[in-house]
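**Student:** below: sequence and its predicted model.
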2 protein chains.
Amino acid sequence: MTSLRDTIAADLRTQITTGHLKPGERLPSEPQLAAHYKVSTPTLRNALAFLQAEGLIDKLHGKGNYVRRPLSRLTYEGGALTPTLHLTVRTTQLRAQGMLATLLKVPSRTPLTEFLCIGHADESPHSLARIYIPRDLAAAEPPWCRQRPAEVQDRVTARLPTSEEAATLRITPALAILAITRISTDPTGRVIEAAHLVLPGDRAEALFTTHHTTEKGGAEG
Amino acid sequence: MTSLRDTIAADLRTQITTGHLKPGERLPSEPQLAAHYKVSTPTLRNALAFLQAEGLIDKLHGKGNYVRRPLSRLTYEGGALTPTLHLTVRTTQLRAQGMLATLLKVPSRTPLTEFLCIGHADESPHSLARIYIPRDLAAAEPPWCRQRPAEVQDRVTARLPTSEEAATLRITPALAILAITRISTDPTGRVIEAAHLVLPGDRAEALFTTHHTTEKGGAEG
DNA sequence: GAGTGGTCTAGACCACCAC
DNA sequence: TGGTGGTCTAGACCACTCC
């Protein structure tokens, strides 16, 4: 009924979560584990790939498989990233077109500035952001927009990373990510910023707080 | 440099997104595709598994691989699911303990009611919700809480589904999901509802709108 | 060079679906 | 019954890490 892969993954998962295998500890080599579970190496590797996608182990080429240490969790708060060490990799001048023009509600060929940012913690990247701002509002320093937003809309989805995103964030292509498209508008309704954020699912979460006034009720389902 | 799997996946992805392969269309059988790309069937299946995780194809056991039709996207709006056909599978009386007691900020063994809900659209499940409400506030009909929330806090993460979640939602274990933990409080600060929501990443998104008053600024990074 | 994980092969065997 | 996908095997060969 349940596959060998799932059985093995479940067993190792239990050993990790119960502390039988401790954080930082190296697992036996794959041939050894395969022999122990009496399966072929591809089957065993399949199970390990699952644990990697869950963020329970790190696979290090040429070194071994290690139980992952608990990660400090990055919290994105609706409308703003938590203060952290950021690295602006690239600033690009471009012109709006297609999807970008639609998001920013500007005509095609409107001058924009793109900020490509990578967030870091513990020497490893933990967030990727592409921020687009109409050029007349763009600033040289963070926050890169000269104007304060009156309303911020965050559209959050879960998906697997593209190979480029996986390479940039140094994560496995099987690790789920939070993809957030953020649109900020000023009091007049003008879009002053559009941003694509990518946060690894194993070390990031997004937090949104909604206040309901008495006039309008809340939970419908 | 790039693996055969990625090359094949990229090729098929292109054929799908460009319309060369149309929605609903059946792909050639796996042995045929393997022969076409001159790879073994496991390698080809590996590529197809990737496309499945991206939501581009459906793998139907005994029938074939099909280009997926565009899915109607479920939008969860901060604090409330969009009105849709819901099915309450189970109502359970239980007592708070551990994590649940912490979330609800109640003492252990406080009586609670759990509502297990599955959302449907087009005959297929598209959302899974576990809602916990202090028993004195629980109602028999949706919305199951007798009281209106003053504040709703949504904690959003991306991860892979557990095997139970995958089975319930009829999705592949490799498809990323949005996991939302929602805490609703009344004006006095009492927690009136805690909910765990699971939304498939290929057909759901969460939308949050934040309004900033003039006193407090917004984007910090 | 020894040991590790990364990729791929060729094929067996089972389960599901349609006829 | 025949074709399809699902799982697993046994092993080859390459790339990376460390000594």
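**Tutor:** It's in.

**Student:** now the residue most central in space within chain A: how far from residue A:36?
**Tutor:** Closest residue to the average C-alpha location of chain A: residue A:199 at 1.4 Å, with CA atoms, centre = their mean. Using CB to CB, to the nearest Å, residue A:199 is found at 36 Å from residue A:36. Using the backbone N, CA and C atoms, a C-beta is placed for each residue, glycine as well.

**Student:** then residue A:147?
**Tutor:** Distance from residue A:147 to residue A:36, counting by CB to CB: 61 Å.

**Student:** same check on residue A:110?
**Tutor:** 61 Å.

**Student:** so which of these two has more stuff around it?
**Tutor:** Neighbour count, other CB atoms under 10 Å in any protein chain shown: between residue A:110 and residue A:36, residue A:110 has more, with 17 against 12.

**Student:** for that one, list the residues it contacts.
**Tutor:** Counting by CB atoms under 8 Å, 6 or more residues apart in numbering or on different chains, residue A:110 makes contact with A:95, A:96, A:101, A:104, A:134.

**Student:** beyond the helix or strand bottoming out on mean pLDDT in chain A, next helix or strand please.
**Tutor:** Within chain A, judged by mean pLDDT, DSSP states H and E, the helix or strand with the poorest mean is strand A:80-81; its value is a mean of 62. Following strand A:80-81 in sequence order, the next helix or strand is strand A:85-95 (DSSP states H and E).

**Student:** next helix or strand past that next one?
**Tutor:** Following strand A:85-95 in sequence order, the next helix or strand is helix A:98-104 (DSSP H and E).

**Student:** quick check: mean pLDDT of that next one?
**Tutor:** For helix A:98-104, mean pLDDT is 93.

**Student:** tell me which residues in it are buried?
**Tutor:** For helix A:98-104, burial by neighbour count (16 or more other CB atoms under 10 Å in any protein chain shown) applies to A:100, A:101, A:103, A:104.

**Student:** what sits up against that helix?
**Tutor:** Outside helix A:98-104, the residues within contact range by CB under 8 Å, 6+ apart are A:96, A:107, A:108, A:110, A:112, A:132, A:134, A:181, A:183, A:191, A:194.

**Student:** now the helix or strand encompassing residue A:7: buried residues?
**Tutor:** Residue A:7 belongs to helix A:4-17 when assigned by DSSP H and E. By neighbour count on 16+ other CB under 10 Å, the buried set for helix A:4-17 is A:5, A:6, A:8, A:9, A:12, A:13, A:16.

**Student:** now, which of those residues lie close to DNA strand D?
**Tutor:** Applying CB under 7 Å from any atom of the strand, the subset of the buried residues of helix A:4-17 adjacent to DNA strand D comprises residue A:5.

**Student:** mind giving me a markdown table with the buried residues of helix A:4-17 and columns for distance to DNA strand C and pLDDT?
**Tutor:** Below are those laid out as a markdown table (distance: CB to the nearest atom of the strand, whole Å; pLDDT from 0 to 100):
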| residue | distance to DNA strand C | pLDDT |
| --- | --- | --- |
| A:5 | 14 | 93 |
| A:6 | 15 | 92 |
| A:8 | 14 | 95 |
| A:9 | 15 | 95 |
| A:12 | 12 | 95 |
| A:13 | 17 | 95 |
| A:16 | 15 | 94 |
